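Undergrad: Turn this into a structure:
(one chain, ligands or ions: 3)
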Amino acid sequence: GTKDKSTDSQNPNARTIEVLQAMCDYYTRINDRWRSIAYRKAINTLRRQTVEICTAEEAARLPNIGSRLAAKIEEIVSTNRLRRLDYANDEPTGQILSTFLKIYGVGNAQANKWITQGFRTLEDLRQKADLTPNQRIGIEHYDDLNSRIPRAEVEALFAYVRREAGAIDPNIELLVGGSYRRGADSSGDIDIIITKKGTRTYGELVHFLEDLITVLGRKGFLVATLAALHTHRPGKDGPGSKWHGCCVLPKEAGGRDPLVWRRIDFLLVPETEYGAALIYFTGNEMFNRSMRLLAAKKGMRLNQRGLYKEVMRKKGSVKVTGGELVKGRDEKRIFEILGVKWREPWERWC
Ligand code: DCP
Ligand code: MG
Ligand code: MN
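TA: Residues are numbered from 1 along each chain as shown. Ligands and ions are numbered 1, 2, ... in the order given. Have a look, this model is predicted:
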């Protein structure tokens, strides 16, 4: 995670790590998940070395470093640079692609399509492209939606929501998950998890959320809807019910002038699924992935709704799962059953 970067300068492979990190950032920017994961793993391996790794052969002997990455490590050590990175930095489509990919909700397919259609700048898109309402929001508020939300502002936004929520239903419980719960100084969005004692399905919370959205919209706190309740089909799987949109901190609540648009997510979680949902929505994504892998290794299945015993009845080629192991609000029980040491939210970076 980002936390160990400060120690890199003392590492004998500091320069190699720096270049590989730039490469990793590049792949993250152009949404190449596999390569960015491969680079991150290699960087973690190098961070653990106490001697400098100079040749491809030495590098390839280490865990999580394949032959192509090993060759790149040798190139960095012997030339102090990496041609692939120089190339990535001057690649014009790479720059355009990364600009387009930062538009909220835009993925590789859409970004590449725009490039093929000849669009080069956000201004091109604004004026000439055929945009969905969400894409237009993403472009009109590009800078706001790409800037981090300081922790204090997350708290002010949350206080605003909590006050209105409490007026609708005093028994509702709200918590900020995501990077905020992990203790981050700033967040990309604000993730609000909503639950209530005694609830068994998210359907029991839907009316509350509808009321909350209405009130917050009327007050000018919510300014755009990106993904609403009705896009979610009851009975289908998924994280229960959710709402994604944008909000602003009103001036009278300490908001800046001009108002800054922020991304906000509401997630409905019945009390019976709260523990598993807390783990999922606290993240981070890598931590979730490793927890799910661990569960699978122990013949169980973990998702945002619960920890299940995998019942391997074969029904055609479909796996039938059953036997929920943990019901309720207890995050710690899930760690216990998985046999892993409890980790506080702020220790869940990787
Ligand atoms: N999550 C996940 N896998 C995904 C997306 C999300 O496991 N593909 C989980 C882990 C995240 C949490 O949901 O921590 C919230 O998602 P966010 O996208 O809001 O990510 P964070 O809150 O962690 O970071 P940010 O500060 O960028 O919002
Ligand atoms: Mg978040
Ligand atoms: Mn989110």
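Undergrad: What segments of the stretch 251-350 of the chain are strands?
TA: Counting by DSSP state E, counting those that start in this stretch, residue ranges of the strands within the stretch 251-350 of the chain are 262-268, 300-303, 306-315, 318-326.
Undergrad: Spell out which residues of this structure are next to ligand 1.
TA: Counting by CB under 6 Å from any ligand atom, the positions of the chain adjacent to ligand 1 are 178-179, 187-189, 191, 280-281, 283-285, 288. Glycine gets a C-beta too; all of them are placed from N, C-alpha and C.
Undergrad: contacts with ligand 3 among those residues, please.
TA: By CB under 5 Å from the ion, the members of those lying near ligand 3 are 189, 191.
Undergrad: Looking at the residues of the chain next to ligand 1, which is nearest residue 91?
TA: The shortest gap between residue 91 and any of these belongs to residue 188, at 25.4 Å (CB to CB).
Undergrad: Spit out the contact partners of the closest one.
TA: By CB atoms under 8 Å, 6 or more residues apart in numbering, the contact list for residue 188 reads 148-149, 179, 263.
Undergrad: Now the closest residue to ligand 2 within the stretch 1-150 of the chain: closest residue in space that isn't a chain neighbour?
TA: Closest to ligand 2 within the stretch 1-150 of the chain is residue 149: 9.1 Å, counting by CB to the ion. In this structure, residue 149 finds its nearest non-sequential neighbour in residue 187, 5.0 Å apart by CB to CB, 6 or more residues apart in numbering.
Undergrad: pLDDT value on that neighbour, please?
TA: Note for residue 187: predicted pLDDT of 98.
Undergrad: Make sure it is actually in contact with residue 158.
TA: No - Residue 187 lies out of contact with residue 158 (CB atoms under 8 Å); the separation is 10.8 Å.
Undergrad: List the contacts of the residue in the stretch 251-350 of the chain positioned nearest to ligand 3.
TA: Ligand 3 sits closest to residue 265 of the stretch 251-350 of the chain, with a gap of 4.2 Å, by CB to the ion. The contact partners of residue 265, taken as CB under 8 Å, 6+ apart, are 178, 189-192, 242-244.
Undergrad: And those residues, which is closest to residue 135?
TA: Of all these, residue 135 sits closest to residue 244, with 14.3 Å by CB to CB.
Undergrad: and the strand or helix carrying residue 191, average pLDDT?
TA: Element membership for residue 191 (DSSP states H and E) is strand 190-196. The average of the pLDDT scores along strand 190-196 is 97.
Undergrad: Would you mark the buried spots in it?
TA: Within strand 190-196, the residues that qualify as buried by neighbour count (16 or more other CB atoms under 10 Å) are 190-196.
Undergrad: filter these by proximity to ligand 2?
TA: Filtering the buried residues of strand 190-196 for proximity to ligand 2 (criterion: CB under 5 Å from the ion) leaves residue 191.
Undergrad: quick one: which two of the buried residues of strand 190-196 are the most distant?
TA: Most distant of these, by CB to CB, are 190 and 196, 19.9 Å apart.
Undergrad: measure the spatially most central residue of the chain to ligand 2 for me?
TA: Geometric centre of the chain, nearest residue: residue 285, 5.9 Å, by CA atoms, centre = their mean. According to CB to the ion, to the nearest Å, residue 285 and ligand 2 sit 10 Å apart.
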